[in-house]
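K.L.:
sequence plus predicted model, see below.
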Amino acid sequence: MALRQSDSRHVRRNSLDDLRLDEYDHTLAWKMRECCGTGSHYLQVPTLVGAENWNEWSLHIKTAALAEHVDCILTGSFRCPPRPAADCSTAQWNHWVGQKLFWERLNDNLISGIRSRSADFLASLIESETDAVSAYDRLQDHCQKRSGLILADLIAQLSRDRSENYDSVRDFSRVFQERLDKIDRMRLSWQIPEGLRQIMYLCRLGEDFGVFESMMTMKYNIAGIGDGPPVTLDFIMTKAAEYEANMTPVRLKRPAISAPAIARSPSSSDLMQPDRSKRRRPDSVPIKYKGPYRKVCSIHGWIHGSSNHDDSDCYQQRE
């Protein structure tokens, strides 16, 4: 008697139910390859470097897991099914093997994405982890323990650093903004208000910007102070750079300090020299005189160059 088509399908199904599947069969694992994504969405996730960008990285990795259809692993809604008893039926065993291979495929997809988008030292931290959820929790514990120290260090740098420590106010503004960006990437439950950021920036400017601070508070509304239009921190940084470019450098001209003269005792050669300081010069005739009076008498002063004058006669007459 020939079986109908529905009966033949029922027979084949019963024969497959009697065959116990091998949980380590690579053929069955290969058939599970299309149950999730290919991992391309993890390329859009930034690299995890530590507590500085943990919250940002966690948000991106959850989004990528949703696109890869493995978010059920990360949320814990789908876990590896427990191994059934050895004397269970073939149908129960085969169902467990299918669920186990399905979970392994999703778990491998997620844990490979987590490792590939983590820094080398963080990837080595979860190298021994085979469960994606355990790897994620370990990274979270490591980063959150250091987040408090990093946050305290960033706030201390913002409150201590000054513009005098940099070559220009542009460099100071760049470092100031980078520190604020690091705090923002931590995605804390609180944020530094815009007005407080502006006050912190103005307070850390040098003494040369005293006029600039007064000018800004008079023209604009900074942190609720002033009647002018409200401004942003980027606007204040731009104005500070322009003010520095227009400033004329003030250089103090200090007189050169010469070395003090050292008194020395007169030598024998100095004693042999005549004392030129006692030579008398008439006040009415300049030193660079080029007239006919070219001879000098030690008593009468300048005399005519054509005369045969001798100082000895003058000495005798004076005596």
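P.N.:
Looks like it came in fine.
K.L.:
please name every helix or strand in contact with the strand or helix carrying Ile111.
P.N.:
Assigned by DSSP states H and E, Ile111 belongs to helix 90-116. If contacts are counted by 3 or more C-beta pairs under 8 Å, 6 or more residues apart in numbering; DSSP states H and E, helix 90-116 sits against helix 5-17, helix 26-31, helix 54-67, helix 71-75, helix 132-160. Quick note: C-beta positions are derived from backbone N, CA and C, even for glycine.
K.L.:
low-confidence stretches in the protein?
P.N.:
1-18, 26, 29-33, 248-319 (pLDDT under 70).
K.L.:
tell me the domain ranges of it?
P.N.:
24-144, 162-246 (automatic domain parsing).
K.L.:
show the end-to-end separation of the longest one, please.
P.N.:
This stretch, domain 24-144, spans 38 Å end to end (C-alpha to C-alpha, to the nearest Å).
K.L.:
follow-up on the earlier one: output the helices and strands packed on helix 90-116 as a markdown table; include the columns distance to Arg83.
P.N.:
Shown next, in a markdown table, are the helices and strands packed on helix 90-116 (distance: least, C-beta to C-beta, whole Å):
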| stretch | distance to Arg83 |
| --- | --- |
| helix 5-17 | 19 |
| helix 26-31 | 16 |
| helix 54-67 | 26 |
| helix 71-75 | 19 |
| helix 132-160 | 19 |
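K.L.:
returning to what we had before: what angle separates the helix holding Ile111 from helix 54-67?
P.N.:
140 degrees (axes from the mean of the first three to the mean of the last three C-alpha atoms, to 10 degrees).
K.L.:
how about the very next helix or strand once past helix 90-116: buried residues?
P.N.:
Remark: after helix 90-116, the chain's next helix or strand is helix 120-125, criterion DSSP H and E. Within helix 120-125, the residues scored as buried using 16 or more other C-beta atoms under 10 Å are Leu122, Ala123.
K.L.:
could you list every helix and strand in contact with helix 120-125?
P.N.:
Looks like helix 120-125 contacts helix 132-160 (3+ C-beta pairs under 8 Å, 6+ apart).
K.L.:
got the buried residues for the helix it packs on?
P.N.:
For helix 132-160, by 16+ other C-beta under 10 Å, it's 132-133, 135-136, 138-139, 142-143, 147, 150-151, 154, 158.
K.L.:
need the contact list for Ala51.
P.N.:
Cys143, Gln144, Lys145, Arg146, Ser147, Ile150, Met186 (C-beta atoms under 8 Å, 6 or more residues apart in numbering).
K.L.:
distance check, the residue lying closest to the fourth one once chain neighbours are set aside against Arg185.
P.N.:
Counting by C-beta to C-beta, 6 or more residues apart in numbering, Ala51 is the residue found nearest to Arg146 once chain neighbours are left out, at 4.4 Å. Plainly put, Ala51 is 10 Å away from Arg185 if you go by C-beta to C-beta, to the nearest Å.
K.L.:
with Thr63 instead?
P.N.:
In this view, Thr63 and Arg185 are 16 Å apart by C-beta to C-beta.
K.L.:
likewise for Leu28?
P.N.:
Distance, Leu28 to Arg185, by C-beta to C-beta: 43 Å.
K.L.:
distance check, Gly98 against Leu28.
P.N.:
8 Å.
K.L.:
need the overlap of contacts for these two.
P.N.:
Common neighbours of Gly98 and Leu28 (C-beta under 8 Å, 6+ apart) are Leu21.
K.L.:
tell me who's in contact with Arg197.
P.N.:
Taking C-beta under 8 Å, 6+ apart, we find Arg197 in contact with Leu180, Leu233.
K.L.:
would you list the phi and psi of it?
P.N.:
Backbone torsions for Arg197, taken as degrees, to the nearest 10, come to phi -60, psi -40.
K.L.:
for Leu233, see how far away it is.
P.N.:
5 Å.
K.L.:
what about Met218, how many neighbours?
P.N.:
10 (other C-beta atoms under 10 Å).
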